[in-house]
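A.B. asks: sequence and computational prediction follow.
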Amino acid sequence: MIELENISKVFNRGEANEVAALRNINLRIEKGEFAVIVGANGSGKTTLLNILAGAEKASDGHVILGGKDVTGLAEYKRSKWIARVFQNPYTGTASDLSILDNFRLAALRTQPKKLVIGIDAGFKQRVRDMIAKLGMGLENKIDLLMGSLSGGQRQALTLLMSVMDTANILLLDEPTAALDPKSSALILNLADRLIKEFHLTALCITHNLKYAHQYGSRLIQFQEGGVLRDYHANQKGALSLQDMFGWFE
Ligand SMILES: Nc1ncnc2c1ncn2[C@@H]1O[C@H](COP(=O)(O)OP(=O)(O)OP(=O)(O)O)[C@@H](O)[C@H]1O
Ligand SMILES: [Mg+2]
C-alpha cells in the first residue's frame, strides 16, 4: 500500500522562477491497485512519482509504503520495493550487455523472488521461459546485445526484469510514449498481467486516454499540482471514453 500524506513540492522556493509543482496531495493506493494517472503537461505527475521513488524530496508531507514512513529514506534504499519504467526504452537496460546478462544484473540487484532463484545452471532456462511468455520470439536470442533490440522489445524486457526482484511497487512514467500502437498495447497488456500475477501496486502515467480508459483499476487526473478527479474501480468502469475526452476540453 502507498500512502501520500499532505505532499507538497515547491521548486526554486523564493526565487523568481518558483513553481508549486504539487499542492497538498493526499492519496492512498491499495496493494494490488493499478492506478492510471492522466493530466496536462506540467501538472505534477512525474514529480509525484519522483517523490514516491525518492528521486526528489517533498517540500512537505509524508510518503508511507506498506505502513512504513520512508519520507527520509534514500532512493537506493527504497529501490528494493520500487521498480520504475520510463518513457525512454533505453533507460532501463544496458545496451552493451546481452539480454541474458541484463537479466543476471537484475536478478543480482536484490534478493530474488521465487521466480528466479540465483544465477545457477537453471537460470538461463528460466530466463528463456520467462521471455517466451512475451510471445516476441526473443527466447532463443538471449545472447544478443540489448542495444540491437527495438524500443518495444527493450521496454518489454525492462518490465519483465523489474518484477523479478523484491519490488512490489511498479511506477511507469509514459512507458509507451516512444512506441508504436502494437508495441504499446503489448507493453500495457504485459504490465497488466504482471501487476495481477505479482499483486503489485502500480502507478502508470499516460497521455493516451484510450489506454487510460482501458487499463487499470483506478483513474486519477492531476491538474495544476492537485488531484482533480479520482475514480475507483466501479466509477472508472462506468466512465466512457467520451466522458474522459471531456475532461481535457
Ligand atoms: N527539477 C525541477 N526544477 C524546477 N522545476 C521543475 C523541476 N521538475 C519539474 N518542475 C516543474 O514542476 C511542474 C510539474 O512538472 P512535472 O514534470 O511533474 O509535470 P508532468 O505532469 O509530469 O508533465 P508532463 O506531462 O509534461 O510530463 C512543471 O511546472 C515543471 O516545470
Ligand atoms: Mg512527466
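C.D. replies: Structure received. Numbers count the residues shown, from 1 in each chain. Ligands and ions are numbered 1, 2, ... in the order given.
A.B. asks: in the chain, where is pLDDT below threshold?
C.D. replies: 109-121 (pLDDT under 70).
A.B. asks: rerun at 50
C.D. replies: 112-117 (pLDDT under 50).
A.B. asks: contact residues of this protein facing ligand 1?
C.D. replies: Near ligand 1, the residues belonging to the chain are 11-12, 19, 21, 39, 41-47 when assessed by C-beta under 6 Å from any ligand atom. (Each C-beta comes from the backbone N, C-alpha and C, glycine too.)
A.B. asks: buried residues, stretch 194-201. List them.
C.D. replies: Within stretch 194-201, the residues scored as buried using 16 or more other C-beta atoms under 10 Å are 194-195, 198, 200-201.
A.B. asks: quick one: strands adjacent to the host helix or strand of residue 171?
C.D. replies: Element membership of residue 171 [criterion: DSSP states H and E] is strand 169-173. According to DSSP bridges, strand 169-173 forms sheet pairs with strand 82-85 (parallel), strand 201-205 (parallel).
A.B. asks: quick one, which of those strands is nearest to residue 4?
C.D. replies: strand 201-205 (10.4 Å; C-beta to C-beta).
A.B. asks: and the next helix or strand past that closest one?
C.D. replies: helix 209-214.
A.B. asks: just the C-alphas of that following helix, formatted as PDB.
C.D. replies: Extracted C-alpha coordinates of helix 209-214, given in PDB (Å, rounded to 0.1, in the frame of the first residue of the first chain):
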ATOM      1  CA  LEU A 209      -6.800   8.500 -22.900                       C
ATOM      2  CA  LYS A 210      -7.800   5.300 -24.800                       C
ATOM      3  CA  TYR A 211      -5.200   3.400 -22.700                       C
ATOM      4  CA  ALA A 212      -6.200   5.200 -19.500                       C
ATOM      5  CA  HIS A 213      -9.800   4.200 -20.100                       C
ATOM      6  CA  GLN A 214      -8.900   0.600 -21.000                       C
END
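A.B. asks: for the chain, what's the longest helix?
C.D. replies: Identified as the longest helix of the chain according to DSSP state H is helix 181-197.
A.B. asks: that helix vs strand 201-205, what angle?
C.D. replies: 160 degrees (axes from the mean of the first three to the mean of the last three C-alpha atoms, to 10 degrees).
A.B. asks: show me where this protein has helices.
C.D. replies: Counting by DSSP H, the helices of the chain are 45-53, 75-78, 99-109, 123-132, 151-162, 181-197, 209-214, 233-238, 241-247.
A.B. asks: ok, back up a step: and the buried residues of stretch 194-201, which is closest to ligand 1?
C.D. replies: Nearest to ligand 1 among the buried residues of stretch 194-201, counting by C-beta to the nearest ligand atom, is residue 201 at 19.7 Å.
A.B. asks: residues touching stretch 151-161, excluding its own?
C.D. replies: Outside stretch 151-161, the residues within contact range by C-beta atoms under 8 Å, 6 or more residues apart in numbering are 85, 89-93, 99, 102-103, 106, 130-131, 134, 136, 138, 146, 149, 175-176, 178-180, 182-184, 186-187, 190-191, 194.
A.B. asks: could I get the strands paired with strand 169-173 as JSON lines with distance to residue 52?
C.D. replies: Formatted as JSON lines, the strands paired with strand 169-173 follow (distance: least, C-beta to C-beta, whole Å):
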{"stretch": "strand 82-85", "distance to residue 52": "7"}
{"stretch": "strand 201-205", "distance to residue 52": "7"}
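A.B. asks: ok, back up a step: list buried residues within the contacts of stretch 151-161.
C.D. replies: 85, 89, 92-93, 99, 102-103, 106, 130-131, 134, 136, 138, 146, 149, 175-176, 178-179, 183-184, 186-187, 190-191, 194.
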